[in-house]
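**Q** Provided below are the primary sequence and the corresponding predicted coordinates.
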Amino acid sequence: MSIAVDGRSSALAECIYKSPVQVFDVLWNGNGKWPTKSNGKQAFRIQHRQSQKCMAIARGNALSGNGLELVKCVSGKGQAAQNWRGVGAFPTAQPLKSWKKLTFAGSSSFCLSNPTKKSRKKVSLQPCQNNLKSSYDLFNDGSIRHTRSGKCLLIPEGGRGKTAALLDECTINSPKQTFKIDWNGKGRTPKKLTNEREFRIRHESTNLCLGAQYGKWEAGNKVVLRKCARKTGHVSQNWRFLTIKTQ
């Protein structure tokens, strides 16, 4: 990796022995002795030796495709945008036990289904059927994955209100595909599956909820982001697990 003349942007380039634009130091965060090897837990900063600045995620936005830049180093515990960890292997997401092969019903007759040829990657509402076309699994990284294809429900980068949900390749811990089940009504959060209580599907990075486009539960309609309703829910974004199976 090389640092451009402006001292901020980075790029991959041919290695040049002891080139000042390619020399970095690892500075471990926290107090005490520095580890002799990476344990995947303790964070560190990557300091460019020539400029004495640290490598950071551009503008602090941890989004797929974002670049890197050099900024003033933050000592001590560091800063989220410039904290790094060494990993021996990429993490993997695991399905939540007993939260598999779920059917998300938006009304008594229309369910979240896989994309049609006409809608391409956009998920759509289709008549509820107890089959794998409308079957999803919940994973521990917050993703909702289509059981048959293994692809993830996601919101395109930069998507806000009225943005249609897609089904595409999964990237673990991606903000685009992290959702949360917000149960409607009062009382404790259910600890196990139930089809007796409605919920909203909240997209965590935008804090918006999935619902039927224009509030219409009909075949072929898109599933889009909308401002989340209060705990009482709203007919346009209320969902229910249609069937509960013993795993």
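**A** Perfect, I can see it now.
**Q** quick one, domains of the protein?
**A** Taking automatic domain parsing as the criterion, the chain consists of the domains 2-82, 104-241.
**Q** by mean pLDDT, show me the worst of these.
**A** Note on the domains of the chain: domain 2-82 shows the lowest mean pLDDT, a mean of 78.
**Q** looking at the domains of the chain, which is buried most?
**A** Comparing the domains of the chain by mean neighbour count (mean count of other CB atoms under 10 Å), domain 104-241 ranks first with a mean of 17. Where C-beta positions appear, they are placed from N, C-alpha and C, glycine not excepted.
**Q** chain center to that one, what's the gap?
**A** 14 Å (CA atoms, centre = their mean, to the nearest Å).
**Q** end-to-end on that domain?
**A** 5 Å (CA to CA, to the nearest Å).
**Q** check stretch 155-169 too.
**A** Using CA to CA, the end-to-end distance of stretch 155-169 comes to 12 Å.
**Q** indicate which one of the domains of the chain is closest to Pro95.
**A** Nearest to Pro95 among these is domain 104-241; the distance by CB to CB comes to 4.9 Å.
**Q** partner residues bridging the closest residue to Gln126 other than its chain neighbours?
**A** Once flanking residues are discounted, Gln126 sits nearest to Ser113: 3.8 Å by CB to CB, 6 or more residues apart in numbering. Beta-bridge partners recorded for Ser113 (DSSP bridges): Ser124.
**Q** I'd say Ser113 and Leu132 touch.
**A** No: judged on CB atoms under 8 Å, Ser113 makes no contact with Leu132 at a distance of 10.5 Å.
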